[in-house]
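Visitor: After the sequence you'll find the predicted model.
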Amino acid sequence: MKYIVVTGGVMSGLGKGITIASIGRNLKNKGYKVTAIKIDPYINIDAGTMSPYQHGEVFVLKDGGEVDLDLGNYERFLDTELTRDHNLTTGKIYQEVISKERRGDYLGKTVQIIPHVTNEIKNRIRKVAARSGADICLIEIGGTVGDIESMPFLEAVRQMHREEPAENIVFIHVTLAMEDLQGEQKTKPSQHSVKELRALGLSPEVIVVRSKSPLQESAKEKIALFCDVPQELVISAHDADDIYEVPLEIEEQGLTTQLMKHLQLESSVEGSGWKDMVARMKSTTDKVKLAIVGKYTNLEDSYLSILEAVKHGGIDNRCKVEVNMVEAETLEEDPAEVEKLLQFDGILIPGGFGGRGTEGKMKAIKFARENNIPFLGICLGMQLAVIEFARNVANLGKANSTEFDEDTPYPVIDILPEQTGIANMGGTMRLGDYEALLKEGSIATELYGTNYIVERHRHRYEVNPEFVDRLESFGIIFSGKNKNRMEIAEIPGKRFFFASQFHPEFRSRPGRPSPPFDGLVRAMCKYSKEKEGIQ
Ligand code: GLN
């Protein structure tokens, strides 16, 4: 196994995950199987109990792992499917060490950070890497060097560096060069963060510098000199128009060849799929406008996978999708705000929890349905589409979800039967991959091109089967089912009205868009052209 360990300096939020995923992508283009482990030094066992305001969206894996959004970037860039073990947290490590202590596994010993915690970290990393069957394992240590929380992880990888043969492990440090008022890129923060790494016994072999514009030669020279790396291993990771261009930007600087040299890897393979995809993305001429009506609208990362999946749909349909975030609550009081949705070619309602904003989201759904605007609802978005339909089409006036109104006379959305006795909030939803059978002749089968699908889930509530017959008699169709569980709702005869209980965004890939997103964007393009024709 070859390990590429990445640390971050200067500050968080540098896009370290994208940088590393890009490095991995380039190695994949050379024919290697690449996997990734993300280390989050927080004490939470997983990201499942955290609000999207904290670290952005919670990404859901096939095995139901609720993890950091960087794993989504890894899945998309490396076109792979990871498992929950690929996200290590302090919580997971300590939970294991403490239960081993209680079992008596360390009997007679004083249990300490070194070696017990660090051994647990190293064992996990090696086990996960081996199990993945990959040639190369990227290890991203979250946070910034100097954080108290990340110390045991840095010590563990320091030990690995000593234990592994030199050609099996390489350290990359990602820093930031900010411009001063004269526009000169400053390297002092990078120098300091490498110094801090050194004090912990780690010397990076490669320094990747994030910056607004390409790294100036003088800055490169300085970093090389002060941080003790050859100049060709100071890599500029400057802002790109789109994150999918970062692998190409890094590749131009020869980093892949350098890494292969260090890791003693040889390959004559040269995959061009990614390059072709980027070229296609950049050659789009059409433009459509999508409204995402949500609750966490001022933080783009909270809907990251949805934004990516929309982009994938755009690449496939050769059209650029401009996304506008609309705060659901603004639609609740003012009908004029709802009318403004007419300017959009499509409306998307994402997942969510709790009642705030739900009435506004339903106003948007009603508007989409009545004005025949392409609509995609995801998870909560499907539940609200069903409630809206029940109330306004199927004459079930006060229909609701018991999540928002326990006493509703028409609980068209109700808690999953297996959820009723659950007290713990962490990891207890209906999570991860479940299959669905699709109805012959439906939009769903047309989109997926098959009648059997597997998609990822994250919910506690579902369509109440008792209301299915009544709702269907008014024209909505539940075209995807897992036994008695409604997975898809669609309204035929519309431009596009499709909603899923699952989260199709998590399996979407650049070059291989998720079918519902592809379908939405296709319908939006068609609708926008129709509008142009009318005007
Ligand atoms: N709150 C809803 C539920 O738990 C929807 C969840 C979601 O959108 N992810 O079922």
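Guide: Noted; the coordinates are in hand. Residues are numbered from 1 along each chain as shown.

Visitor: Can you work out which other helices and strands pack against the lengthiest helix in the chain?
Guide: Of all the segments assigned as helix in the chain under DSSP state H, the longest by residue count is helix 515-534. Contacting helix 515-534 under the criterion 3 or more Cβ pairs under 8 Å, 6 or more residues apart in numbering; DSSP states H and E are the following elements: strand 286-294, helix 304-316, strand 319-327, strand 346-349, strand 375-378, helix 443-448, strand 497-500. Glycine gets a C-beta too; all of them are placed from N, C-alpha and C.

Visitor: For the third one, buried residues please.
Guide: Put plainly, it is strand 319-327. In terms of neighbour count (16 or more other Cβ atoms under 10 Å), strand 319-327 has its buried residues at 319-321, 323, 325-327.

Visitor: Report the two of those residues separated the most.
Guide: The most widely separated members of the buried residues of strand 319-327, counting by Cβ to Cβ, are Cys319 and Glu327 (25.7 Å).

Visitor: Within range of the ligand, give me the residues from this structure.
Guide: With Cβ under 6 Å from any ligand atom as the criterion, the chain comes near the ligand at residues 351-353, 379-380, 383, 403, 458-461.

Visitor: Which one of those is nearest to Tyr3?
Guide: Within the set of these, Arg458 lies nearest Tyr3; the separation is 31.0 Å, counting by Cβ to Cβ.

Visitor: Quick check: closest non-adjacent residue to the closest one.
Guide: With Cβ to Cβ, 6 or more residues apart in numbering as the measure, Val60 is the residue that lies nearest to Arg458, at 4.9 Å, once sequence neighbours are left out.

Visitor: returning to that earlier point: can you add mean pLDDT and give the helices and strands packed on helix 515-534 back as a markdown table?
Guide: Compiled in a markdown table, the helices and strands packed on helix 515-534 are given as follows (pLDDT from 0 to 100):
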| stretch | mean pLDDT |
| --- | --- |
| strand 286-294 | 95 |
| helix 304-316 | 96 |
| strand 319-327 | 94 |
| strand 346-349 | 98 |
| strand 375-378 | 98 |
| helix 443-448 | 98 |
| strand 497-500 | 98 |
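
Visitor: which ones are touching the residue nearest to Tyr32 when sequence neighbours are not counted?
Guide: Sequence neighbours aside, Asp135 is the residue nearest to Tyr32 in space, at 4.4 Å (criterion: Cβ to Cβ, 6+ apart). Neighbour list for Asp135: 1-2, 32-34, 265 [criterion: Cβ atoms under 8 Å, 6 or more residues apart in numbering].

Visitor: Let me see the contact set for the residue in the stretch 201-350 of the chain positioned nearest to the ligand.
Guide: Of the stretch 201-350 of the chain, the residue with the smallest distance to the ligand, taken as Cβ to the nearest ligand atom, is Pro350 at 7.3 Å. Residues touching Pro350, when contacts are defined by Cβ under 8 Å, 6+ apart, comprise 292, 294, 303, 306, 378-381.

Visitor: what would those residues look like in CSV with neighbour count?
Guide: Conversion of the contacts of Pro350 to CSV gives the following (neighbours: other Cβ atoms under 10 Å):
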residue, neighbour count
Ile292, 24
Gly294, 27
Tyr303, 27
Ile306, 26
Ile378, 27
Cys379, 23
Leu380, 26
Gly381, 27
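
Visitor: Next, give me the two most distant ones among these.
Guide: Taking Cβ to Cβ, the two most distant members of the contacts of Pro350 are Ile292 and Cys379; they sit 13.5 Å apart.

Visitor: coming back round to it: could you check the pLDDT of the residue nearest to Tyr32?
Guide: The per-residue pLDDT reported for Asp135 equals 96.

Visitor: Where does the residue nearest to Lys526 when sequence neighbours are not counted fall, secondary structure wise?
Guide: For Lys526, ignoring the flanking residues on the chain, the nearest one in space by Cβ to Cβ, 6+ apart is Arg495 at 7.3 Å. According to DSSP states H and E, Arg495 maps onto no helix or strand at all.

Visitor: So Arg495 versus Gly346, what's the distance?
Guide: Using Cβ to Cβ, to the nearest Å, Arg495 is found at 9 Å from Gly346.

Visitor: wait, Gly133 sits on Val34?
Guide: No - taking contacts as Cβ atoms under 8 Å, Gly133 lies outside contact range of Val34: 11.1 Å.

Visitor: Comparing these two, which residue is more hemmed in?
Guide: Neighbours around Gly133 and Val34, counted as other Cβ atoms under 10 Å, are more numerous at Val34. The numbers are 26 against 8.

Visitor: Residues in a beta bridge with the more buried one, which ones?
Guide: Beta-bridge pairing of Val34 under DSSP bridges involves Ile136.

Visitor: Next, the buried residues of stretch 107-123.
Guide: When burial is assessed from 16+ other Cβ under 10 Å, stretch 107-123 yields the following buried residues: 116-118, 120-122.

Visitor: Stretch 86-104 too?
Guide: Within stretch 86-104, the residues that qualify as buried by neighbour count (16+ other Cβ under 10 Å) are 86-94, 97.

Visitor: Next: stretch 482-494.
Guide: Of the residues in stretch 482-494, 482, 485-491, 494 count as buried by neighbour count, 16+ other Cβ under 10 Å.

Visitor: mind checking the SS state of Arg356?
Guide: Three-state call for Arg356 (DSSP: H, G, I helix; E, B strand; the rest coil): coil.

Visitor: before we move on, the earlier item: mind checking which of the contacts of Asp135 are buried?
Guide: Of these, these count as buried by 16+ other Cβ under 10 Å: 2, 32, 34, 265.

Visitor: moving C-terminal of the helix or strand where Ile39 lies, what's the next helix or strand?
Guide: Secondary-structure assignment from DSSP H and E places Ile39 in strand 34-40. Downstream of strand 34-40, the first helix or strand assigned by DSSP H and E is helix 52-55.

Visitor: Tell me the pLDDT of Ser401.
Guide: On the pLDDT scale, Ser401 is placed at 97.

Visitor: Over to Glu532?
Guide: According to the predicted model, the pLDDT of Glu532 comes to 86.

Visitor: try Asn298
Guide: Looking at Asn298, its pLDDT stands at 69.

Visitor: Next: Met425.
Guide: At Met425 the predicted local confidence, pLDDT, stands at 83.

Visitor: Break down the stretch 1-150 of the chain into its strands, ranges please.
Guide: In the stretch 1-150 of the chain, strands defined by DSSP state E, counting those that start in this stretch lie at 2-8, 34-40, 59-60, 66-67, 87-89, 136-141, listed in chain order.

Visitor: Could you list the low-pLDDT ranges of this structure?
Guide: Applying pLDDT under 70 to the chain flags residues 297-298, 534-535.

Visitor: State the distance from the spatially most central residue of the chain to Ala36.
Guide: Most central residue of the chain, judged by C-alpha distance to the mean C-alpha position with Cα atoms, centre = their mean, is Gly72 at 3.4 Å. For Gly72, the distance to Ala36 (Cβ to Cβ) stands at 11 Å.

Visitor: For this protein, list the residue farthest from the centre, please.
Guide: Relative to the C-alpha centroid of the chain, counting by Cα atoms, centre = their mean, Gly108 is the outermost residue, at 43.8 Å.

Visitor: who's in contact with it?
Guide: Contacts here follow Cβ under 8 Å, 6+ apart; on that basis Gly108 touches nothing.

Visitor: now it: how far from Glu101?
Guide: 11 Å.

Visitor: and what of Arg509?
Guide: Remark: distance between Arg509 and Glu101 (Cβ to Cβ) = 42 Å.
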